Each structure stands twice: as structure tokens, then as C-alpha cells.
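A.B. asks: quick check, what structure comes out for this input:
(chains A and B)
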Amino acid sequence: EPEVTQTPSHQVTQMGQEVILRCVPISNHLYFYWYRQILGQKVEFLVSFYNNEISEKSEIFDDQFSVERPDGSNFTLKIRSTKLEDSAMYFCASSERQFQPQHFGDGTRLSIL
Amino acid sequence: AQKVTQAQTEISVVEKEDVTLDCVYETRDTTYYLFWYKQPPSGELVFLIRRNSFDEQNEISGRYSWNFQKSTSSFNFTITASQVVDSAVYFCALSLNNAGNMLTFGGGTRLMVKP
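C.D. replies: Below is the predicted model:
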């Protein structure tokens, strides 16, 4: 069964450094998302992306965050200047069409030191 | 604004017991979608079910069943004859027709099934 893949599985970064989290959505899916889950808390929406542009973003998704689909397969989340509170599990998801189930990757655990 | 509440933070049962996980949602929209996801100890999020607001039929899939009641804004999930492999955190989520595909998650219910 096709799946969403995320790399790396764990990223350790110094505070203030830039980090790029990578995702390969399911190939025939058109909608892409990023969510985060701080340890022990609920999953929070960050951003949705369709047709090469952001379609929705949350208050969490401020100027330090950006997303990109640099080629036909990858979908990336960049955090420009990481803060301690950015430490979380980051999930990428994709869906075939709007309001169809979102299928999640296994997540990238980001640890900011 | 939309909100999802899962009042049960943790439930512990013995294998073969039935268990119901509660989910209550808030929205003023008339068109919306409800979801359940499972997060096993390995951490991934696994899609279980999607329901739209116009379909109040209950659904059964093997040992899993879902009860959607618009009158009480609830979308409860029952596991019949629970098994140890059902141990996980279960999240209920809501998306609105006019808010793109953004999923609003509840806080999750940690289910522990003991042998």
C-alpha cells in the first residue's frame, strides 16, 4: 500500500539553526499538509498546500516557517531559526482530494538543543 | 471556531472488554467531516474512519463501530472484545467545509488494554 515517507526520522539541531524536514507524499495525492505534536500533547495543524501554494495556515505557522514542493515528489518544511519550543514530532500528510482522508507519515522527531 | 473534546484522557480495560471512546465536537458549520485516527506506541497516525455531517448512519468495521449523533454533537468510537494490540492513543478530528482541509484534533484518549 502506498505511504507517505518522511526523512529524517530524528533530527537534532542547535537553537538558531535552520532545519529542513522532508516528505514524499503519496504519488497521486494533490493536497499536502504539515502538523506537529509536542510531546504528550495533541496534534496541531500547521499548513496545507495545494496547486503549489499555501491554502491554509495556522497561527503557529509564522514567518520562521516555510513550505516548498521543489520537484514533483518532495514536500518540505523549513524552520529558519529554530527555537527550543519547536521541539516536537512533525507529521507530513497527504490526501487525494479535498476532504478525503489524510494519510500521515511516521513523523520526524525534531529536538532543539 | 471549531473544537474537539475527548474528555477521557486515559482508559484502562482488560482484554475482551468492550470500550467506548467519547468525542464531542463544536462547530457552527452545517457541512463538516469527522475522523478517527489511531496512534500506536510506535508513533505513526493511522486513519480509521471518515464521516460527513450528512451521513448519520452508524458504521461497523470488524470489532470497531462508530456512533455519530448530530443532536449531541458526538462521534463515539467503540471497540468490541478489545485486544492488547488495540493499546494506543486515539484521536478524534474535525474538518470544516470552508476551512480547507485543516484537521482540528481532540486531545486524544490513551487506551491501555491489559492481558
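A.B. asks: so how far is B:N58 from B:T9?
C.D. replies: B:T9 is 25 Å from B:N58, where distance means CB to CB, to the nearest Å. Where you see a C-beta, it was placed from the backbone N, CA and C, and this is true even at glycine.
A.B. asks: what about A:I60, neighbour count?
C.D. replies: When neighbours are counted by other CB atoms under 10 Å in any protein chain shown, A:I60 registers 15.
A.B. asks: likewise for the one 3 residues further on?
C.D. replies: Applying other CB under 10 Å, we find 7 residues neighbouring A:D63.
A.B. asks: hang on, the earlier thing: just want to know which of B:T9 and B:N58 has more residues nearby.
C.D. replies: Taking neighbours as other CB under 10 Å, B:T9 and B:N58 compare with B:N58 leading, 13 against 10.
A.B. asks: need the helix or strand of the chain with the lowest average pLDDT.
C.D. replies: In the absence of a named chain, chain A is used. Within chain A, no helix or strand scores below strand A:53-57, which has a mean of 92 by mean pLDDT, DSSP states H and E.
A.B. asks: you answered for a different chain; I wanted chain B.
C.D. replies: Here the helix or strand of chain B ranked lowest by mean pLDDT, DSSP H and E is strand B:59-61, holding a mean of 88.
A.B. asks: name the strands paired with that strand and say parallel or antiparallel.
C.D. replies: When pairing is defined by DSSP bridges, strand B:59-61 lines up against strand B:64-69 (antiparallel).
A.B. asks: next SSE downstream of the strand it pairs with?
C.D. replies: Heading C-terminal from strand B:64-69, the first helix or strand you meet, by DSSP states H and E, is strand B:74-79.
A.B. asks: what mean pLDDT does stretch A:68-83 have?
C.D. replies: Here stretch A:68-83 scores 92 as its mean pLDDT.
A.B. asks: near chain B, which residues of chain A show up?
C.D. replies: Among all residues of chain A, those adjacent to chain B (criterion: CB under 8 Å from any CB of the partner chain) are A:31, A:33, A:35, A:41-45, A:48, A:55-56, A:58, A:89, A:91, A:93, A:95, A:98-107.
A.B. asks: got the buried residues for stretch A:27-44?
C.D. replies: A:29, A:31-37, A:42-44 (16 or more other CB atoms under 10 Å in any protein chain shown).
A.B. asks: what mean pLDDT would you report for that stretch?
C.D. replies: Stretch A:27-44 carries an average pLDDT of 93.
A.B. asks: got the CA positions of that stretch in PDB?
C.D. replies: Written as PDB, here are the backbone C-alpha positions of stretch A:27-44 (Å, rounded to 0.1, in the frame of the first residue of the first chain):
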ATOM      1  CA  SER A  27       2.100   9.900  -5.600                       C
ATOM      2  CA  ASN A  28      -1.400  10.600  -6.900                       C
ATOM      3  CA  HIS A  29      -2.300  12.900  -4.000                       C
ATOM      4  CA  LEU A  30      -2.800  16.600  -4.600                       C
ATOM      5  CA  TYR A  31      -3.100  18.000  -1.100                       C
ATOM      6  CA  PHE A  32      -0.300  18.200   1.300                       C
ATOM      7  CA  TYR A  33      -0.100  19.100   5.000                       C
ATOM      8  CA  TRP A  34       2.200  19.600   7.900                       C
ATOM      9  CA  TYR A  35       1.200  19.000  11.500                       C
ATOM     10  CA  ARG A  36       3.200  19.000  14.700                       C
ATOM     11  CA  GLN A  37       2.700  17.200  18.000                       C
ATOM     12  CA  ILE A  38       4.600  18.400  21.100                       C
ATOM     13  CA  LEU A  39       5.400  15.500  23.400                       C
ATOM     14  CA  GLY A  40       2.300  14.300  25.100                       C
ATOM     15  CA  GLN A  41       0.000  16.800  23.500                       C
ATOM     16  CA  LYS A  42      -2.500  16.900  20.700                       C
ATOM     17  CA  VAL A  43      -1.700  17.100  17.100                       C
ATOM     18  CA  GLU A  44      -1.800  20.700  15.700                       C
END
